[in-house]
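# Compute the structure for the input listed below.
(2 chains)
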Amino acid sequence: MANWVPLWLHRLGSPPVFYRFAGAVRPWALGLALVLAGVALYGGLFVAPADYQQGDAYRIIFVHVPSAWMSLFIYGAMAVAAFVGLVWRIKIAEVVAMESAPVGAAFTFITLVTGSLWGKPMWGTWWTWDARLTSELVLLFIYLGVIGLYHSFEDRRQGARAASFLVLVGAVNVPIVHFSVNWWNTLHQGSTVRLLGPSHIEASMLWPLLTMMAATKLYYIASLFARVRADLIASESGKGWVRELLAHRDGSGA
Amino acid sequence: MNPTRKRRLAIVVSVVVAAVVAVGLIVFALQRNMNYLFTPSQVQEGQATQYPTFRLGGMVKAGSIQRAADSLKVSFIVVDDAGAMPVEYTGILPDLFRDNQSVIATGRMDSGRFIASEVLAKHDENYMPKELKDAMAKAHENRKIDDKAMKDPQP
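A predicted model of the protein is given here:
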(Lines give C-alpha, C1' and ligand atoms only; values in the text may rest on other atoms or scores of the structure.)
Protein backbone atom coordinates (compact mmCIF):
# COMPACT_ATOMS: atom_id res chain seq x y z
CA MET A 1 0.00 0.00 0.00
CA ALA A 2 1.22 3.47 -0.82
CA ASN A 3 2.69 5.68 1.90
CA TRP A 4 0.03 8.37 1.69
CA VAL A 5 -2.69 6.06 3.01
CA PRO A 6 -3.10 6.77 6.75
CA LEU A 7 -2.16 3.89 8.99
CA TRP A 8 -5.61 3.61 10.63
CA LEU A 9 -7.29 3.27 7.24
CA HIS A 10 -4.78 0.65 6.27
CA ARG A 11 -5.45 -1.28 9.46
CA LEU A 12 -9.21 -1.03 8.93
CA GLY A 13 -8.69 -3.15 5.82
CA SER A 14 -7.96 -6.12 8.03
CA PRO A 15 -11.11 -8.20 8.68
CA PRO A 16 -10.69 -8.69 12.46
CA VAL A 17 -10.00 -4.97 12.99
CA PHE A 18 -12.98 -3.97 10.87
CA TYR A 19 -15.14 -6.54 12.64
CA ARG A 20 -14.36 -4.98 16.03
CA PHE A 21 -14.64 -1.41 14.71
CA ALA A 22 -18.05 -2.14 13.14
CA GLY A 23 -19.22 -3.85 16.31
CA ALA A 24 -18.32 -0.78 18.37
CA VAL A 25 -19.91 1.75 15.99
CA ARG A 26 -23.10 -0.12 15.15
CA PRO A 27 -25.13 0.27 18.39
CA TRP A 28 -24.41 4.01 18.50
CA ALA A 29 -25.35 4.50 14.88
CA LEU A 30 -28.54 2.48 15.27
CA GLY A 31 -29.54 4.21 18.51
CA LEU A 32 -28.91 7.68 17.10
CA ALA A 33 -30.76 6.75 13.90
CA LEU A 34 -33.86 5.68 15.83
CA VAL A 35 -33.82 8.82 18.00
CA LEU A 36 -33.38 11.13 15.00
CA ALA A 37 -36.06 9.28 13.02
CA GLY A 38 -38.45 9.70 15.96
CA VAL A 39 -37.69 13.42 16.20
CA ALA A 40 -38.03 13.83 12.42
CA LEU A 41 -41.37 11.98 12.30
CA TYR A 42 -42.72 14.03 15.20
CA GLY A 43 -41.52 17.23 13.55
CA GLY A 44 -42.87 16.21 10.18
CA LEU A 45 -46.23 14.80 11.24
CA PHE A 46 -47.15 17.10 14.14
CA VAL A 47 -45.01 20.27 14.19
CA ALA A 48 -44.62 21.18 10.51
CA PRO A 49 -47.53 23.16 9.04
CA ALA A 50 -49.74 21.80 6.25
CA ASP A 51 -48.72 22.66 2.70
CA TYR A 52 -50.58 25.46 0.88
CA GLN A 53 -51.29 23.23 -2.08
CA GLN A 54 -51.32 19.60 -0.98
CA GLY A 55 -52.56 20.05 2.59
CA ASP A 56 -51.56 17.22 4.90
CA ALA A 57 -50.94 14.77 2.08
CA TYR A 58 -47.49 16.22 1.46
CA ARG A 59 -46.25 14.76 4.76
CA ILE A 60 -45.24 11.53 3.03
CA ILE A 61 -42.30 13.63 1.78
CA PHE A 62 -40.56 12.96 5.11
CA VAL A 63 -40.26 9.29 4.16
CA HIS A 64 -40.20 9.49 0.37
CA VAL A 65 -37.46 12.07 -0.17
CA PRO A 66 -34.92 10.79 2.41
CA SER A 67 -35.40 7.26 0.98
CA ALA A 68 -34.84 8.57 -2.54
CA TRP A 69 -31.67 10.35 -1.45
CA MET A 70 -30.44 7.17 0.21
CA SER A 71 -31.18 5.08 -2.87
CA LEU A 72 -28.69 7.26 -4.77
CA PHE A 73 -26.25 7.85 -1.91
CA ILE A 74 -25.89 4.13 -1.18
CA TYR A 75 -25.32 3.46 -4.86
CA GLY A 76 -22.51 6.03 -4.83
CA ALA A 77 -20.93 4.47 -1.73
CA MET A 78 -21.31 1.02 -3.27
CA ALA A 79 -19.67 2.17 -6.52
CA VAL A 80 -16.67 3.67 -4.69
CA ALA A 81 -16.24 0.47 -2.64
CA ALA A 82 -16.61 -1.68 -5.77
CA PHE A 83 -13.97 0.42 -7.55
CA VAL A 84 -11.51 0.11 -4.66
CA GLY A 85 -12.26 -3.59 -4.41
CA LEU A 86 -11.69 -4.17 -8.11
CA VAL A 87 -8.41 -2.29 -8.39
CA TRP A 88 -6.77 -3.01 -5.02
CA ARG A 89 -8.54 -6.32 -4.26
CA ILE A 90 -9.19 -5.24 -0.68
CA LYS A 91 -11.55 -7.80 0.80
CA ILE A 92 -13.35 -5.33 3.09
CA ALA A 93 -14.12 -3.05 0.14
CA GLU A 94 -15.68 -5.94 -1.78
CA VAL A 95 -17.76 -6.98 1.21
CA VAL A 96 -18.90 -3.39 1.86
CA ALA A 97 -19.95 -3.01 -1.79
CA MET A 98 -21.86 -6.28 -1.87
CA GLU A 99 -23.58 -5.79 1.48
CA SER A 100 -24.63 -2.24 0.54
CA ALA A 101 -26.78 -3.53 -2.30
CA PRO A 102 -29.65 -5.02 -0.25
CA VAL A 103 -29.89 -1.87 1.90
CA GLY A 104 -29.93 0.33 -1.21
CA ALA A 105 -32.51 -1.91 -2.86
CA ALA A 106 -34.74 -1.61 0.22
CA PHE A 107 -34.55 2.20 0.16
CA THR A 108 -35.26 2.22 -3.58
CA PHE A 109 -38.28 0.01 -3.03
CA ILE A 110 -39.56 2.30 -0.25
CA THR A 111 -39.06 5.29 -2.57
CA LEU A 112 -41.11 3.67 -5.34
CA VAL A 113 -43.92 2.53 -3.02
CA THR A 114 -44.26 5.85 -1.14
CA GLY A 115 -44.02 7.74 -4.43
CA SER A 116 -46.81 5.63 -5.83
CA LEU A 117 -48.98 6.21 -2.76
CA TRP A 118 -48.30 9.93 -3.06
CA GLY A 119 -48.88 10.04 -6.79
CA LYS A 120 -52.39 8.59 -6.72
CA PRO A 121 -54.11 11.40 -4.77
CA MET A 122 -51.95 14.28 -6.07
CA TRP A 123 -51.20 13.49 -9.68
CA GLY A 124 -54.12 11.14 -10.21
CA THR A 125 -52.13 8.00 -11.05
CA TRP A 126 -50.19 5.28 -9.23
CA TRP A 127 -47.59 5.06 -11.96
CA THR A 128 -46.57 6.77 -15.16
CA TRP A 129 -43.59 6.14 -17.41
CA ASP A 130 -41.96 9.48 -16.94
CA ALA A 131 -38.16 9.78 -16.84
CA ARG A 132 -37.77 10.12 -13.07
CA LEU A 133 -40.01 7.18 -12.20
CA THR A 134 -38.61 4.94 -14.91
CA SER A 135 -34.96 5.63 -14.05
CA GLU A 136 -35.67 4.96 -10.37
CA LEU A 137 -37.24 1.63 -11.33
CA VAL A 138 -34.15 0.82 -13.41
CA LEU A 139 -32.08 1.61 -10.30
CA LEU A 140 -34.05 -1.01 -8.37
CA PHE A 141 -33.42 -3.56 -11.12
CA ILE A 142 -29.68 -2.80 -11.10
CA TYR A 143 -29.58 -3.32 -7.33
CA LEU A 144 -31.41 -6.63 -7.71
CA GLY A 145 -29.05 -7.61 -10.53
CA VAL A 146 -26.02 -6.90 -8.34
CA ILE A 147 -27.46 -9.00 -5.50
CA GLY A 148 -28.34 -11.83 -7.87
CA LEU A 149 -24.98 -11.86 -9.64
CA TYR A 150 -23.08 -11.85 -6.34
CA HIS A 151 -24.96 -14.88 -5.07
CA SER A 152 -24.81 -16.85 -8.31
CA PHE A 153 -21.10 -17.68 -7.88
CA GLU A 154 -19.84 -20.56 -5.78
CA ASP A 155 -16.83 -18.48 -4.76
CA ARG A 156 -17.86 -15.28 -2.97
CA ARG A 157 -14.86 -13.21 -4.03
CA GLN A 158 -15.33 -14.17 -7.65
CA GLY A 159 -18.99 -13.21 -7.34
CA ALA A 160 -18.05 -9.90 -5.75
CA ARG A 161 -15.65 -9.14 -8.59
CA ALA A 162 -18.23 -9.84 -11.29
CA ALA A 163 -20.95 -7.92 -9.46
CA SER A 164 -18.56 -4.98 -8.87
CA PHE A 165 -18.27 -4.52 -12.63
CA LEU A 166 -22.04 -4.43 -12.85
CA VAL A 167 -22.08 -1.84 -10.04
CA LEU A 168 -19.65 0.41 -11.94
CA VAL A 169 -21.47 0.08 -15.26
CA GLY A 170 -24.80 0.70 -13.53
CA ALA A 171 -23.41 3.84 -11.89
CA VAL A 172 -24.20 5.80 -15.06
CA ASN A 173 -27.86 5.55 -14.05
CA VAL A 174 -27.29 7.62 -10.89
CA PRO A 175 -26.87 11.01 -12.61
CA ILE A 176 -29.74 10.07 -14.92
CA VAL A 177 -32.06 9.60 -11.94
CA HIS A 178 -30.89 12.85 -10.39
CA PHE A 179 -31.06 15.05 -13.51
CA SER A 180 -34.03 13.36 -15.21
CA VAL A 181 -36.38 16.11 -14.03
CA ASN A 182 -34.16 18.74 -15.68
CA TRP A 183 -33.31 16.90 -18.88
CA TRP A 184 -36.82 15.88 -19.86
CA ASN A 185 -40.36 17.13 -19.46
CA THR A 186 -41.63 14.99 -16.63
CA LEU A 187 -44.69 14.71 -14.45
CA HIS A 188 -42.39 14.57 -11.44
CA GLN A 189 -41.50 18.06 -10.23
CA GLY A 190 -37.95 19.36 -9.94
CA SER A 191 -35.68 19.19 -6.91
CA THR A 192 -37.01 20.93 -3.81
CA VAL A 193 -33.91 20.87 -1.64
CA ARG A 194 -30.76 22.13 -3.26
CA LEU A 195 -27.17 22.12 -2.13
CA LEU A 196 -26.42 25.17 -4.25
CA GLY A 197 -28.86 28.02 -4.06
CA PRO A 198 -32.04 28.39 -2.03
CA SER A 199 -34.32 25.43 -1.32
CA HIS A 200 -37.98 25.58 -2.33
CA ILE A 201 -39.29 24.56 1.05
CA GLU A 202 -40.06 26.57 4.14
CA ALA A 203 -37.68 26.21 7.14
CA SER A 204 -40.36 24.68 9.40
CA MET A 205 -40.78 21.86 6.87
CA LEU A 206 -37.10 21.60 5.97
CA TRP A 207 -35.63 20.69 9.34
CA PRO A 208 -37.61 17.43 9.80
CA LEU A 209 -36.57 16.48 6.27
CA LEU A 210 -32.87 17.04 6.99
CA THR A 211 -33.17 15.27 10.36
CA MET A 212 -34.68 12.26 8.61
CA MET A 213 -31.85 12.39 6.09
CA ALA A 214 -29.31 12.13 8.93
CA ALA A 215 -31.34 9.29 10.48
CA THR A 216 -31.41 7.28 7.24
CA LYS A 217 -27.65 7.76 6.76
CA LEU A 218 -26.98 6.46 10.27
CA TYR A 219 -29.38 3.58 9.71
CA TYR A 220 -27.45 2.68 6.56
CA ILE A 221 -24.20 2.59 8.57
CA ALA A 222 -25.77 0.44 11.29
CA SER A 223 -27.40 -1.94 8.84
CA LEU A 224 -24.31 -2.16 6.61
CA PHE A 225 -21.99 -2.87 9.54
CA ALA A 226 -24.23 -5.64 10.85
CA ARG A 227 -24.31 -7.23 7.39
CA VAL A 228 -20.55 -6.86 6.89
CA ARG A 229 -19.88 -8.49 10.27
CA ALA A 230 -22.09 -11.44 9.40
CA ASP A 231 -20.46 -11.75 5.98
CA LEU A 232 -16.93 -11.65 7.47
CA ILE A 233 -17.75 -14.29 10.06
CA ALA A 234 -19.10 -16.56 7.33
CA SER A 235 -16.31 -16.06 4.79
CA GLU A 236 -13.45 -16.17 7.31
CA SER A 237 -14.88 -19.00 9.37
CA GLY A 238 -11.71 -21.07 9.10
CA LYS A 239 -9.37 -18.26 10.18
CA GLY A 240 -7.76 -17.99 13.58
CA TRP A 241 -9.46 -14.74 14.66
CA VAL A 242 -12.94 -16.18 14.16
CA ARG A 243 -12.06 -19.29 16.17
CA GLU A 244 -10.66 -17.11 18.92
CA LEU A 245 -13.83 -15.04 18.82
CA LEU A 246 -16.00 -18.11 19.21
CA ALA A 247 -13.86 -19.33 22.08
CA HIS A 248 -14.49 -16.06 23.95
CA ARG A 249 -18.09 -15.90 22.96
CA ASP A 250 -19.45 -16.21 26.46
CA GLY A 251 -17.63 -12.94 27.26
CA SER A 252 -18.79 -9.61 25.96
CA GLY A 253 -19.85 -11.04 22.62
CA ALA A 254 -18.17 -8.39 20.56
CA MET B 1 1.07 1.41 -7.81
CA ASN B 2 2.42 -1.86 -9.08
CA PRO B 3 1.88 -3.03 -12.69
CA THR B 4 -0.96 -5.45 -11.80
CA ARG B 5 -3.00 -2.74 -10.11
CA LYS B 6 -2.23 -0.34 -12.93
CA ARG B 7 -3.54 -2.87 -15.41
CA ARG B 8 -6.68 -3.48 -13.32
CA LEU B 9 -7.21 0.25 -12.98
CA ALA B 10 -6.95 0.62 -16.77
CA ILE B 11 -9.49 -2.17 -17.34
CA VAL B 12 -11.97 -0.82 -14.79
CA VAL B 13 -11.66 2.77 -16.02
CA SER B 14 -12.09 1.76 -19.66
CA VAL B 15 -15.21 -0.30 -18.84
CA VAL B 16 -16.71 2.65 -16.98
CA VAL B 17 -15.79 5.12 -19.73
CA ALA B 18 -17.33 2.84 -22.36
CA ALA B 19 -20.54 2.57 -20.32
CA VAL B 20 -20.69 6.33 -19.80
CA VAL B 21 -20.17 7.04 -23.51
CA ALA B 22 -22.80 4.47 -24.54
CA VAL B 23 -25.41 5.71 -22.10
CA GLY B 24 -24.49 9.33 -22.79
CA LEU B 25 -25.22 8.85 -26.48
CA ILE B 26 -28.53 7.15 -25.69
CA VAL B 27 -29.54 9.96 -23.35
CA PHE B 28 -28.53 12.55 -25.92
CA ALA B 29 -30.60 10.79 -28.58
CA LEU B 30 -33.60 10.39 -26.30
CA GLN B 31 -33.46 14.02 -25.33
CA ARG B 32 -34.19 14.96 -28.90
CA ASN B 33 -36.78 12.27 -29.57
CA MET B 34 -38.35 11.34 -26.28
CA ASN B 35 -40.97 13.81 -25.24
CA TYR B 36 -43.14 13.04 -22.29
CA LEU B 37 -45.49 15.83 -23.30
CA PHE B 38 -46.22 18.56 -25.83
CA THR B 39 -47.26 22.07 -24.90
CA PRO B 40 -50.24 23.72 -26.62
CA SER B 41 -47.98 25.93 -28.74
CA GLN B 42 -45.95 22.90 -29.82
CA VAL B 43 -49.16 21.17 -30.85
CA GLN B 44 -50.27 24.23 -32.78
CA GLU B 45 -46.93 24.28 -34.56
CA GLY B 46 -47.76 20.74 -35.67
CA GLN B 47 -45.05 18.93 -33.75
CA ALA B 48 -47.48 16.30 -32.47
CA THR B 49 -49.24 15.48 -35.72
CA GLN B 50 -47.30 12.24 -36.21
CA TYR B 51 -48.64 10.79 -32.96
CA PRO B 52 -52.19 9.41 -32.82
CA THR B 53 -52.16 9.82 -29.02
CA PHE B 54 -49.85 12.05 -27.03
CA ARG B 55 -49.65 13.99 -23.78
CA LEU B 56 -50.57 17.63 -23.62
CA GLY B 57 -49.03 19.67 -20.81
CA GLY B 58 -49.80 23.18 -19.68
CA MET B 59 -51.75 25.26 -17.24
CA VAL B 60 -55.52 25.28 -16.79
CA LYS B 61 -56.71 28.71 -17.86
CA ALA B 62 -58.43 30.48 -14.98
CA GLY B 63 -62.20 30.47 -15.37
CA SER B 64 -62.21 28.08 -18.31
CA ILE B 65 -63.42 24.97 -16.44
CA GLN B 66 -66.95 24.01 -17.42
CA ARG B 67 -68.64 20.98 -15.93
CA ALA B 68 -71.65 19.32 -17.50
CA ALA B 69 -74.69 19.28 -15.23
CA ASP B 70 -75.74 15.70 -15.98
CA SER B 71 -72.44 13.83 -16.46
CA LEU B 72 -68.76 13.76 -15.50
CA LYS B 73 -67.85 15.60 -18.66
CA VAL B 74 -65.49 18.52 -18.11
CA SER B 75 -64.12 20.94 -20.62
CA PHE B 76 -61.32 23.42 -20.01
CA ILE B 77 -58.54 25.26 -21.81
CA VAL B 78 -54.87 24.39 -21.37
CA VAL B 79 -52.49 27.28 -22.02
CA ASP B 80 -48.76 27.87 -22.14
CA ASP B 81 -46.68 30.97 -22.94
CA ALA B 82 -47.89 31.27 -26.50
CA GLY B 83 -50.69 28.81 -27.15
CA ALA B 84 -54.08 27.57 -25.95
CA MET B 85 -55.87 24.28 -26.51
CA PRO B 86 -59.44 23.32 -25.59
CA VAL B 87 -59.61 19.96 -23.79
CA GLU B 88 -62.53 17.63 -23.14
CA TYR B 89 -62.48 14.93 -20.51
CA THR B 90 -65.01 12.56 -18.99
CA GLY B 91 -64.09 11.10 -15.62
CA ILE B 92 -62.82 11.86 -12.15
CA LEU B 93 -60.15 14.53 -11.86
CA PRO B 94 -57.28 14.54 -9.32
CA ASP B 95 -57.61 16.64 -6.15
CA LEU B 96 -55.19 19.27 -7.36
CA PHE B 97 -57.09 19.95 -10.58
CA ARG B 98 -58.23 23.59 -10.56
CA ASP B 99 -57.61 26.99 -12.15
CA ASN B 100 -53.96 27.82 -12.85
CA GLN B 101 -52.84 24.28 -12.07
CA SER B 102 -50.33 22.53 -14.31
CA VAL B 103 -51.91 19.46 -15.84
CA ILE B 104 -50.82 16.70 -18.17
CA ALA B 105 -53.58 15.19 -20.28
CA THR B 106 -53.24 12.04 -22.38
CA GLY B 107 -55.43 11.76 -25.45
CA ARG B 108 -55.87 12.58 -29.11
CA MET B 109 -56.82 15.50 -31.31
CA ASP B 110 -60.31 15.62 -32.74
CA SER B 111 -61.20 18.57 -34.97
CA GLY B 112 -59.18 21.16 -33.07
CA ARG B 113 -60.10 19.85 -29.65
CA PHE B 114 -58.02 17.57 -27.46
CA ILE B 115 -60.05 14.58 -26.23
CA ALA B 116 -58.35 13.39 -23.03
CA SER B 117 -58.54 9.86 -21.70
CA GLU B 118 -56.54 10.71 -18.58
CA VAL B 119 -55.81 13.99 -16.80
CA LEU B 120 -52.97 14.21 -14.30
CA ALA B 121 -52.17 17.21 -12.11
CA LYS B 122 -48.55 18.29 -11.90
CA HIS B 123 -47.49 20.13 -8.80
CA ASP B 124 -44.42 22.30 -8.34
CA GLU B 125 -41.44 21.74 -6.09
CA ASN B 126 -42.46 24.47 -3.63
CA TYR B 127 -43.65 23.60 -0.16
CA MET B 128 -44.82 26.25 2.26
CA PRO B 129 -47.56 26.87 4.82
CA LYS B 130 -50.81 28.35 3.57
CA GLU B 131 -50.35 31.62 5.50
CA LEU B 132 -47.01 32.25 3.82
CA LYS B 133 -48.48 31.51 0.41
CA ASP B 134 -51.31 33.95 1.07
CA ALA B 135 -48.83 36.61 2.15
CA MET B 136 -46.74 36.03 -0.94
CA ALA B 137 -49.78 36.09 -3.20
CA LYS B 138 -50.70 39.44 -1.70
CA ALA B 139 -47.17 40.72 -2.29
CA HIS B 140 -47.22 39.80 -5.96
CA GLU B 141 -50.85 40.33 -6.75
CA ASN B 142 -50.32 39.93 -10.46
CA ARG B 143 -47.87 37.08 -10.43
CA LYS B 144 -49.18 33.63 -9.64
CA ILE B 145 -46.75 31.21 -8.01
CA ASP B 146 -48.05 28.47 -10.24
CA ASP B 147 -46.32 30.14 -13.19
CA LYS B 148 -43.14 28.46 -12.08
CA ALA B 149 -44.62 25.00 -12.16
CA MET B 150 -45.72 25.39 -15.74
CA LYS B 151 -42.31 26.08 -17.18
CA ASP B 152 -40.19 23.00 -17.16
CA PRO B 153 -36.58 23.82 -16.47
CA GLN B 154 -34.64 23.65 -19.69
CA PRO B 155 -31.07 22.34 -19.75
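
# tell me, what residue is most central in the chain?
All of this is about chain A. residue A:74 (3.3 Å; C-alpha atoms, centre = their mean).

# that's the other chain; I wanted chain B
residue B:57 (4.9 Å).

# where does the stretch 101-250 of chain A have low pLDDT?
A:250 (pLDDT under 70).

# Can you give me the buried ones in the helix or strand where the residue nearest to the centre of chain A lies?
Using DSSP states H and E, the element containing residue A:74 is helix A:61-88. Neighbour counts over helix A:61-88 (16 or more other C-beta atoms under 10 Å in any protein chain shown) mark A:61-75, A:77-88 as buried. C-beta: built from backbone N, CA, C; applies to glycine.

# what about the following helix or strand past that helix, near chain B?
Past helix A:61-88, further along toward the C-terminus, the next helix or strand under DSSP H and E is helix A:91-122. Yes - part of helix A:91-122 sits near chain B under the criterion C-beta under 8 Å from any C-beta of the partner chain, namely A:121, A:122.

# does any bit of whichever helix or strand comes after helix A:91-122 sit next to chain B?
Following helix A:91-122 in sequence order, the next helix or strand is helix A:131-151 (DSSP H and E). Yes - using C-beta under 8 Å from any C-beta, helix A:131-151 reaches chain B at residue A:131.

# follow-up on the earlier one: my guess is the residue nearest to the centre of chain B is in a strand, correct?
Yes - membership of residue B:57 in a strand is supported by DSSP: H, G, I helix; E, B strand; the rest coil.

# Pull up the per-residue confidence for residue 65.
Picking chain A for this. Looking at residue A:65, its pLDDT reads 94.

# should've been chain B
89.

# so who does it touch?
Residues in contact with residue B:65 (C-beta atoms under 8 Å, 6 or more residues apart in numbering or on different chains) are B:74, B:75, B:76, B:98, B:99.

# Could you tell me which residues make contact with the closest residue to the residue nearest to the centre of chain B other than its chain neighbours?
Among residues not flanking residue B:57 along the chain, residue B:37 sits closest, at 3.6 Å (C-beta to C-beta, 6 or more residues apart in numbering or on different chains). Shown in contact with residue B:37 (C-beta under 8 Å, 6+ apart): A:185, B:54, B:55, B:56, B:57, B:104.

# what's across from the second one in the sheet?
Which is residue B:54. residue B:107 (DSSP bridges).

# what comes up buried for stretch A:180-189?
For stretch A:180-189, the neighbour count (16+ other C-beta under 10 Å) marks A:180, A:181, A:183, A:184, A:185, A:186, A:187, A:188, A:189 as buried.

# Show me which of those residues is closest to residue A:16.
Among the buried residues of stretch A:180-189, residue A:180 lies closest to residue A:16 (C-beta to C-beta), at 43.3 Å.

# what is the orientation angle of the helix or strand hosting the closest one with helix A:91-122?
Per DSSP H and E, residue A:180 falls inside helix A:173-183. Computed by axes from the mean of the first three to the mean of the last three C-alpha atoms, to 10 degrees, the angle separating helix A:173-183 from helix A:91-122 equals 30 degrees.

# Check which element follows helix A:173-183 along the chain.
Toward the C-terminus from helix A:173-183 - assigned by DSSP H and E - lies helix A:203-235.
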